[in-house]
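Participant: Structure of the sequence below:
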Amino acid sequence: MGLAGIILAAGESTRMGRDKALLPWPPPLPGAPTHTGTLLSAAIQALDPHCELVIVVAGNNEPALRPVVESCGGFLVRNPNPELGQFSSLQTGLRDVLNHGRDAAMITLVDRPPPQFRTLTVLVEEFTARDRGTWAVVPEHAGKHGHPFLVGREMMEQFLRTPSTGNAREVEHANHDRIRYFPVNDARVAMNVDTPEQYADLERILC
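Facilitator: Modelled structure (predicted):
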């Protein structure tokens, strides 16, 4: 299958006020031991057992992310035009997947808490068992679509043929009948960490 992981981490994190990729993970809890991990390192470690390699797409934050990526055994690629937005980072990551000789990808965002190991296992199983008419598998929880989602060569080509000013949702809608939305019992797949308040609220999923 040649599955590669892609973590999109090129954003400016303006609402958070600091780079979300480098936020401590798990979030520090009062009286608990201090952890040295980050959202980025946790994402790499979550995808690594399920993928042949993990690619992190950075932007202007490349110098800050490189030590984390390299210490976790990942590959770092820089989006040359991060100002174009997240879709351009997705295209950068997909091109790197092809450059590494792989033809399928597990794609996630760095500002999501890493899903449970079992969740990723069943997503890979569902993707591996898909029929030829299914180009992607997207997790769903409580009616919300989430990450990571898995795409085959056909969906990768659809993303790459779209202008960099487009977005992934438009491509997904245009190919809705080619996507398998797979329900999972893991709230993390649909969680965002965009603001300090959302980050602080993550304590509840750790208790």
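
Participant: quick one: buried residues of stretch 44-51?
Facilitator: By 16 or more other C-beta atoms under 10 Å, the buried positions in stretch 44-51 come out as 44-47, 50-51. The C-beta positions use only the backbone N, C-alpha and C, and glycine is treated the same way.

Participant: what distance separates the start and the end of stretch 78-91?
Facilitator: Using C-alpha to C-alpha, to the nearest Å, the end-to-end distance of stretch 78-91 comes to 11 Å.

Participant: Centre of the chain to the biggest helix by length in the chain, how far?
Facilitator: Longest helix in the chain by number of residues (criterion: DSSP state H): helix 86-99. A distance of 12 Å separates the C-alpha centroid of helix 86-99 from that of its chain, computed with C-alpha atoms, centre = their mean, to the nearest Å.

Participant: In that helix, which residues are buried?
Facilitator: Neighbour counts using 16+ other C-beta under 10 Å place 86-94, 96-98 of helix 86-99 among the buried residues.

Participant: mind listing the strands for this protein?
Facilitator: 3-8, 53-58, 75-78, 104-109, 136-141, 144-145, 149-151, 179-183 (DSSP state E).

Participant: what helices or strands is the second one leaning on?
Facilitator: Spelled out, that is strand 53-58. strand 3-8, helix 39-47, helix 62-71, strand 75-78, helix 86-99 (3 or more C-beta pairs under 8 Å, 6 or more residues apart in numbering; DSSP states H and E).

Participant: and with 6 Å instead?
Facilitator: For strand 53-58, the packing partners by 3 or more C-beta pairs under 6 Å, 6 or more residues apart in numbering; DSSP states H and E come out as strand 3-8, strand 75-78, helix 86-99.

Participant: which one of the ones you listed lies closest to residue 200?
Facilitator: strand 3-8 (22.8 Å; C-beta to C-beta).

Participant: what are the pairing partners of the closest one, and which direction each?
Facilitator: If you go by DSSP bridges, strand 3-8 pairs up with strand 53-58 (parallel), strand 104-109 (parallel).

Participant: where in this protein is pLDDT low?
Facilitator: Applying pLDDT under 70 to the chain picks out residues 1, 28-35, 203-207.

Participant: try it again with 90
Facilitator: 1-2, 11-15, 17, 25-36, 164-167, 169, 192-194, 196-207 (pLDDT under 90).
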